[in-house]
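**Student:** Turn this into a structure:
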Amino acid sequence: MTRKTVAVRRDEIVLAALDQVRVRGIAGVRAADVAKALDVSTALVFYHFGTLENLIVEAFRQAAERDLATLHEELARGGSATKRLRAVLAHYGPTKASDGWTLWLEATAAAMRDPQLKAVVQRLDLRWRDAVVALIAEGVGAGEFRCPDPYGAAWRLTALLDGLAVQVVAREGPVTAADCARWVETALHAELDVTSPLNGGRPAP
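**Tutor:** All right, here's what the predicted structure looks like:
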């Protein structure tokens, strides 16, 4: 039987860890659970990542990087700043496909007690917000938006989505994805004087 390469084995362990996080939450994941899911020894998990904390950080980093790759695809599509901003905010916001937000919320909570994870969460989160700042500034420069403070507007819009994600994903209360889309549109009107209607909702991942 051909032995798997280090890269392939590490990827398998990371994917198994993400599956365990979705089922058990970060606090409930054990190296033994990850090993059992792959039918390998716990020692092999530690051989590749050293500690469970390192594995969790790497799993979150890879998942977040995949989301950020989608962000860059949206930014590269071309078209008006208005269209691209809506696509980015729709991708950022909570929807029925909540796996990404579930992981972000889990990581954010765990990061309060894990400095290594906190640094990764903050760095990746800032990349999202910086992209929104840049899009708003571009739209202002092109005359599409009227906004004296692109930085503040970007943070207020993304903070709104953060709060809505808690309602939709974590609490599963009366707030729906449709509510989120409507309220974000209202916020866009207020922050940027955007008056054209939403064009199509969330892009396909």
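
**Student:** show me the contacts for residue 56.
**Tutor:** By CB atoms under 8 Å, 6 or more residues apart in numbering, the contact list for residue 56 reads 17, 21, 26, 29, 110, 117. Heads up, the C-betas are built off the backbone N, CA and C, glycines and all.

**Student:** the domain parsing of the protein - what is it?
**Tutor:** 1-50, 57-192 (automatic domain parsing).

**Student:** just the helices in the chain please.
**Tutor:** With DSSP state H as the criterion, the chain has helices at 6-24, 31-38, 42-49, 52-76, 81-92, 99-111, 115-141, 150-165, 177-192.

**Student:** Kindly calculate the angle that the longest one makes with helix 177-192.
**Tutor:** By that I understand helix 115-141. 60 degrees (axes from the mean of the first three to the mean of the last three CA atoms, to 10 degrees).

**Student:** same question, the first one
**Tutor:** With the same axes, to 10 degrees applied, the angle from helix 6-24 to helix 177-192 works out at 100 degrees.

**Student:** any idea of the mean pLDDT in helix 6-24?
**Tutor:** Helix 6-24 carries an average pLDDT of 91.

**Student:** Just the buried positions in it, please.
**Tutor:** Buried positions in helix 6-24, judged by neighbour count with 16 or more other CB atoms under 10 Å: 9-10, 12-18, 20-21.

**Student:** Same list (these) but as JSON lines, adding distance to residue 50.
**Tutor:** Output for these, formatted as JSON lines (distance: CB to CB, whole Å):
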{"residue": "9", "distance to residue 50": "14"}
{"residue": "10", "distance to residue 50": "12"}
{"residue": "12", "distance to residue 50": "17"}
{"residue": "13", "distance to residue 50": "12"}
{"residue": "14", "distance to residue 50": "14"}
{"residue": "15", "distance to residue 50": "18"}
{"residue": "16", "distance to residue 50": "17"}
{"residue": "17", "distance to residue 50": "14"}
{"residue": "18", "distance to residue 50": "18"}
{"residue": "20", "distance to residue 50": "18"}
{"residue": "21", "distance to residue 50": "18"}
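
**Student:** biggest separation within these, which pair?
**Tutor:** 9 and 21 (18.9 Å; CB to CB).

**Student:** Make sure residue 77 is actually in contact with residue 88.
**Tutor:** No - with contact defined as CB atoms under 8 Å, residue 77 does not count as touching residue 88 (10.2 Å).

**Student:** And these two? Which one has more around it.
**Tutor:** Shown here are residue 77 and residue 88; by other CB atoms under 10 Å, residue 88 has more neighbours (20 against 11).

**Student:** Residue 175 is in contact with residue 167, correct?
**Tutor:** Yes - with contact defined as CB under 8 Å, residue 167 reaches residue 175; the gap is 4.0 Å.

**Student:** which stretches of this protein aren't confidently modelled?
**Tutor:** Low-confidence segments of the chain, defined by pLDDT under 70: 1-3, 95-99, 195-205.

**Student:** Repeat the analysis, applying 90 as the threshold.
**Tutor:** Residues of the chain meeting the criterion pLDDT under 90: 1-8, 22-27, 61-79, 86-111, 113-114, 124, 164-182, 193-205.
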